[in-house]
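1. just coords:
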């Protein structure tokens, strides 16, 4: 995407689909991070952007499996009540510490190291079947927020 133009809704939707395909590939009982997802998709500084995308996750995507690089449940507020994300992870066998953190050495699933190039391509090839539409809010963030790697430089 050019630095001189804002991303189109189609470009953002395609990125969302790739994010969701990766998250769906994360096995039950494992977690991935916003950073790992961003990096494998070519946005090594895109963790915050991945968080915005996860905020619009369809119901069939296991959003509880995406956490911060510190092991924190930073998206927990999006699950309806404060303990729901923890409940979903614990139901999958993921233990949390008393300070609400997941041990990434034990439960972490980094798609870059867990998937070979061929497996990653297979996962990403399923992305276009997900058919998502970005919200106006997400398009605005992608185009204007200083943390967006897709932000226009105009």
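-> In hand now; what should we look at? No experiment lies behind these values; they were computed from the predicted model shown. Numbering: from 1, shown residues only.
2. can you give me the strands for the protein?
-> Secondary structure of the chain by DSSP state E: the strands cover 32-33, 66-67.
3. where does pLDDT dip in this protein?
-> 1-5, 152-154 (pLDDT under 70).
4. mind running it again at 80?
-> Where the chain drops to pLDDT under 80, the residues are 1-5, 75-77, 82, 151-154.
5. what is the longest helix seen in it packed up against?
-> Longest helix in the chain by number of residues (criterion: DSSP state H): helix 9-25. Applying 3 or more C-beta pairs under 8 Å, 6 or more residues apart in numbering; DSSP states H and E, one finds that helix 9-25 contacts helix 34-40, helix 47-54, helix 117-125, helix 136-144. (Glycine included, C-beta is placed from N, CA and C.)
6. those into TSV, with extra columns for mean neighbour count?
-> Formatted as TSV, the helices and strands packed on helix 9-25 follow (neighbours: other C-beta atoms under 10 Å):
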stretch	mean neighbour count
helix 34-40	22
helix 47-54	22
helix 117-125	13
helix 136-144	16
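7. out of these, flag the one nearest residue 70.
-> With respect to residue 70, and counting by C-beta to C-beta, the nearest of the helices and strands packed on helix 9-25 is helix 34-40 at 10.0 Å.
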